[in-house]
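Trainee: Dropping a prediction and its sequence here:
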Amino acid sequence: MIGVADHLAAVLDAVVPFAAEQRDVAAARGRVLRHPVFAGVDVPAFDCSAMDGFAVRDLTAPATLRVIADLPAGTDLDPRMDAGDAARIMTGAPVPTDATAIVPFEDTERGLAGGLDPVSVLAAPRGPGAHIRRRGSDVRAGELVVDAGSRLTAMRIGAIAASGIGTVSVSRAPRIAVVSTGSELVAPGSGLRRGQIPESNSVLLAGLAEEAGAEVVLRTSVGDDGDGPRQAIAAAEAAGADVVVFSGGVSAGAYEVVKNTLGDLMRFDRVRMQPGKPQGFGRTAGGILLFGLPGNPVSAAVSFELFVRPALRALEGDADLGRETVRVALAAGRRARPDRVQYVPVHLDRSDPARWTATPTAHGTRGLGEADGLAVIPPGEHDLVEGNEVTVTRW
């Protein structure tokens, strides 16, 4: 058997990241940035008001000031101001060059209701620069806004747009084909005869792929005889797939159709993990990545998380190939395996913010649906007991 890290390393060694493409920043959410973004302008671009109120100069309160101007956001006015003058100003408007502070409406006698009449100030600003956002106080032109390898969230594309950048260099979404194997499989909702089961793995794996940011271009199933896997690869290639994921047909039985038909394209290993020991991986002459995952749904899901998901992210040039992990106390003991690492679906109890606990869910697909993540139980000679801390990969 080989280690989990060794199998993942072989997968990532075969990944060739996509070429970058230019995209409007408004259409880039969810994509991975391939080149760093530097601010095109100072943010803010000028000294601006952080409050609705009055711009003042060298004020000592209480005082009554004459209002000489009205400055909404977007104005280009820069009125001259002397001591004793005030300019009504709205949030985001340029602060007059002569002004030294902003007095919020709340610190005046009549506030907004006073209009442009003389304003009585009740409390002086706390000091020079009060409620003024200085030019470049957020970011200066030329400074880094978002680094390469970052997945673009709404917050990040907002920051990029605010810094004056309209287009970004990103990776497209990986295109994936999902193929379930097994002559016993029928469509969910169909009538079952003896020996048949609903086909669920393609639904599960396609959903995981989409959650990882991939585009599913083919979802199908093939039987345990014939040349179905090779035909599926041809269909996936025609659909423009970058990755083909098979579930089932990779173990040690007599009807392992992926293993029996794709030995020239894929390597099949036993990996020191539970579940998911049988794994297959390869690449076509055209560069399509081929994954062979076990057919058990939990094994398939765990294998996807450990090997397929990092490969999808690596294709995009993502700097972070993993998920968030936390250290959590086990709510129940767990038997250790001396020869392999275990990945256990768990439910996280977060009712006590100071001490989360992880409870293994029921075996099978129902338990997988109840899980918040995977607890990693390292190999060892000593079993874990309640209260022992483990690493949990959060979903």
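Mentor: On my side now, so go ahead.

Trainee: got a pLDDT number for residue 381?
Mentor: The model reports residue 381 with a pLDDT of 89.

Trainee: So residue 370 sits against residue 363, correct?
Mentor: No: at 11.2 Å, residue 370 does not count as touching residue 363 under the criterion of Cβ atoms under 8 Å. Placement of C-beta: from N, CA and C, glycine included.

Trainee: Which residue of those two possesses the greater neighbour count?
Mentor: More neighbours surround residue 370 than the other of residue 370 and residue 363, with 13 against 10 (other Cβ atoms under 10 Å).

Trainee: got the contact list for the more buried one?
Mentor: 345, 347, 361-362 (Cβ atoms under 8 Å, 6 or more residues apart in numbering).

Trainee: Now with 7 Å, please.
Mentor: Counting by Cβ atoms under 7 Å, 6 or more residues apart in numbering, residue 370 makes contact with 347, 361.

Trainee: Look up phi and psi at it.
Mentor: phi -90, psi -10 (degrees, to the nearest 10).

Trainee: Need the pLDDT of it.
Mentor: With respect to pLDDT, residue 370 has a value of 94.

Trainee: Tell me the helix or strand right after the helix or strand where residue 366 lies.
Mentor: Per DSSP states H and E, residue 366 falls inside helix 364-370. Per DSSP H and E, the first helix or strand lying C-terminal to helix 364-370 is strand 373-377.

Trainee: helices and strands around that following strand, which ones?
Mentor: Strand 373-377 is packed against strand 341-349, strand 389-394, with contacts defined by 3 or more Cβ pairs under 7 Å, 6 or more residues apart in numbering; DSSP states H and E.

Trainee: Quick check: residue 266 vs residue 376, distance?
Mentor: In this view, residue 266 and residue 376 are 27 Å apart by Cβ to Cβ, to the nearest Å.

Trainee: if you count what's nearby, which of those two comes out ahead?
Mentor: residue 266 (22 against 16).

Trainee: which residues sit against stretch 10-24?
Mentor: Contacts of stretch 10-24 (Cβ under 7 Å, 6+ apart): 31, 34-35, 166-172, 281, 283, 287, 289, 307, 310-311, 314-317.

Trainee: again, only using 8 Å
Mentor: Contacts of stretch 10-24 (Cβ under 8 Å, 6+ apart): 31, 34-35, 166-172, 174, 242, 267, 281, 283, 287, 289, 291, 307, 310-311, 314-317, 321.

Trainee: re the thing from before, using PDB, write out the CA atom coordinates for the helix holding residue 366.
Mentor: Provided in PDB are the C-alpha atoms of helix 364-370 (Å, rounded to 0.1, in the frame of the first residue of the first chain):
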ATOM      1  CA  GLY A 364     -23.700   5.000   5.200                       C
ATOM      2  CA  THR A 365     -25.200   7.700   3.100                       C
ATOM      3  CA  ARG A 366     -27.600   9.000   5.800                       C
ATOM      4  CA  GLY A 367     -24.800   9.600   8.100                       C
ATOM      5  CA  LEU A 368     -22.800  11.300   5.300                       C
ATOM      6  CA  GLY A 369     -25.700  13.700   4.900                       C
ATOM      7  CA  GLU A 370     -25.700  14.600   8.600                       C
END
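
Trainee: buried stuff in that helix?
Mentor: 367-368 (16 or more other Cβ atoms under 10 Å).

Trainee: And stretch 133-142, by the same measure?
Mentor: So, applying 16+ other Cβ under 10 Å, buried residues of stretch 133-142: 133, 135-136, 138-139.

Trainee: With stretch 71-80 instead?
Mentor: Result for stretch 71-80 [16+ other Cβ under 10 Å]: buried residues 71, 78-79.

Trainee: Likewise for stretch 269-284?
Mentor: For stretch 269-284, by 16+ other Cβ under 10 Å, it's 269, 271-284.

Trainee: Sort out which of the buried residues of stretch 71-80 are in strands and list them.
Mentor: Judged by DSSP state E, the subset of the buried residues of stretch 71-80 located in strands is residue 71.

Trainee: Closest one to residue 235 out of the buried residues of stretch 71-80, please.
Mentor: Minimum distance to residue 235 across the buried residues of stretch 71-80 is 63.7 Å, recorded for residue 71 (Cβ to Cβ).
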